[in-house]
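K.L.:
got a structure for you, letters missing:
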Ligand code: PAF
């Protein structure tokens, strides 16, 4: 497996492959890899001649300094995990740039000790960014769009792979591709869950054992909501989910004041991400429920399809 740190070396490595007509799959990650990421890399390995896995904790997509500082950085373990995948040795390029490499100082040169520039690009994605994560994490999707476009420019992918856990992020990338008109196929991959149903996330490793033990309640509640959707109104399902999680600790007393604090639960059209008031309003892709919940100081997100 090839490991690259420099942006220029990254571009050089893929240019040759593209010139030879080989397909390239890009799996953008922020490291701290888990089975969910590995499933994306595996799929990319099956569908492309070459796979670029980027491992870069992108500072400009964090609107919370503490979240950025606490984000796990486990590069050595990540590289080892990738090599366990069949075909990875010969087909994967692991791209792990520094911040200075991704956002070089104004003169365009990343040199030792030079300060990274703050990218100035501003994207506007309209209604898909005005709901759920958008207003709650100002600047987040712009930061994602900036880094993903740079990764596109440096890895020249044929296909790019994203997990459905960050459901809104996929809609943003789709909108980005429409704007910049890059001929890249966006491949949305299903969530990988632990045996107890918790959606795999790099943030899960920050949960205390007590919090980890109750975290599967989030998806269990969403699954029940999907059943309720057969006979209940949209607003009633929404209220029930928020209420069930917010009062969980009253019915199941927890140590150290541990409790679920739902930030939002929205039932939206799966394509436009706009909230629906009636089930019949959902378009061709149906409806999806998206949730963000705080537990033990960790913000967890998940989705359920209706
Ligand atoms: O989903 C993520 O891990 C990040 O938002 C991404 C796409 C790697 C961009 O930094």
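P.N.:
Received it, and whenever you're ready, just let me know what you need. Computed from a predicted model, the values in this text were never measured in an experiment. Numbers count the residues shown, from 1 in each chain.
K.L.:
tell me the contacts of the residue nearest to the spatial centre of the chain?
P.N.:
Centroid check for the chain by CA atoms, centre = their mean gives residue 166 as the closest residue, at 4.3 Å. Counting by CB atoms under 8 Å, 6 or more residues apart in numbering, residue 166 touches residue 301. Quick note: C-beta positions are derived from backbone N, CA and C, even for glycine.
K.L.:
What is the neighbour count of the nearest residue to residue 63 once chain neighbours are set aside?
P.N.:
Spatially, and ignoring its direct neighbours in sequence, residue 63 is nearest to residue 137 (4.8 Å; CB to CB, 6 or more residues apart in numbering). Neighbour count of residue 137, defined by other CB atoms under 10 Å: 18.
K.L.:
Quick check: phi and psi at the residue in the stretch 201-306 of the chain positioned nearest to the ligand.
P.N.:
In the stretch 201-306 of the chain, the residue that lies nearest the ligand is residue 202 (7.8 Å; CB to the nearest ligand atom). Dihedral pair for residue 202: phi -60, psi -20, per degrees, to the nearest 10.
K.L.:
Verify the stated contact: it with residue 55.
P.N.:
No: using CB atoms under 8 Å as the test, residue 202 is too far from residue 55 to be in contact (11.2 Å).
K.L.:
Neighbour count for the two, which is higher?
P.N.:
Set side by side, residue 202 and residue 55 show more neighbours around residue 55, with 23 against 19, by other CB under 10 Å.
K.L.:
what's that one sitting at in phi/psi?
P.N.:
According to degrees, to the nearest 10, residue 55 has phi -130, psi 100.
K.L.:
show me the contacts for it.
P.N.:
By CB under 8 Å, 6+ apart, the neighbours of residue 55 are 29-31, 33, 75, 78, 94-96.
K.L.:
Over to residue 22?
P.N.:
Here residue 22 is in contact with 49-50 (criterion: CB under 8 Å, 6+ apart).
K.L.:
That one and residue 53, how far apart?
P.N.:
Separation of residue 22 from residue 53 (CB to CB, to the nearest Å): 16 Å.
K.L.:
Over to residue 188?
P.N.:
Residue 188 sits 17 Å away from residue 53, going by CB to CB.
K.L.:
Over to residue 220?
P.N.:
According to CB to CB, residue 220 stands 32 Å off from residue 53.
K.L.:
Same question for residue 189.
P.N.:
Taken as CB to CB, the span from residue 189 to residue 53 is 14 Å.
K.L.:
Between those two, point out the one with more neighbours.
P.N.:
Under the neighbour definition other CB under 10 Å, residue 189 and residue 53 were set side by side, and residue 53 has more, 30 against 19.
K.L.:
helix/strand/coil for the closest residue to the more buried one other than its chain neighbours?
P.N.:
Of all residues not flanking residue 53 in the chain, residue 27 sits nearest, at 4.8 Å (CB to CB, 6+ apart). The three-state label for residue 27, taken from DSSP: H, G, I helix; E, B strand; the rest coil, comes out as strand.
K.L.:
So what's the residue count around residue 27?
P.N.:
Around residue 27 there are 32 residues (other CB under 10 Å).
K.L.:
Hmm, it is touching residue 52, no?
P.N.:
Yes: the criterion here is CB under 8 Å, and residue 27 meets it with residue 52 at 7.2 Å.
K.L.:
quick revisit: return the closest of the contacts of residue 55 with respect to residue 178.
P.N.:
residue 29 (23.4 Å; CB to CB).
K.L.:
From the ligand, how far out is the closest one?
P.N.:
Separation of residue 29 from the ligand (CB to the nearest ligand atom, to the nearest Å): 5 Å.
K.L.:
for residue 144, same thing?
P.N.:
5 Å.
K.L.:
Tell me, how many residues neighbour residue 121?
P.N.:
10.
K.L.:
Looks to me like it is in a helix.
P.N.:
No: counting by three-state DSSP, residue 121 is not part of a helix but coil.
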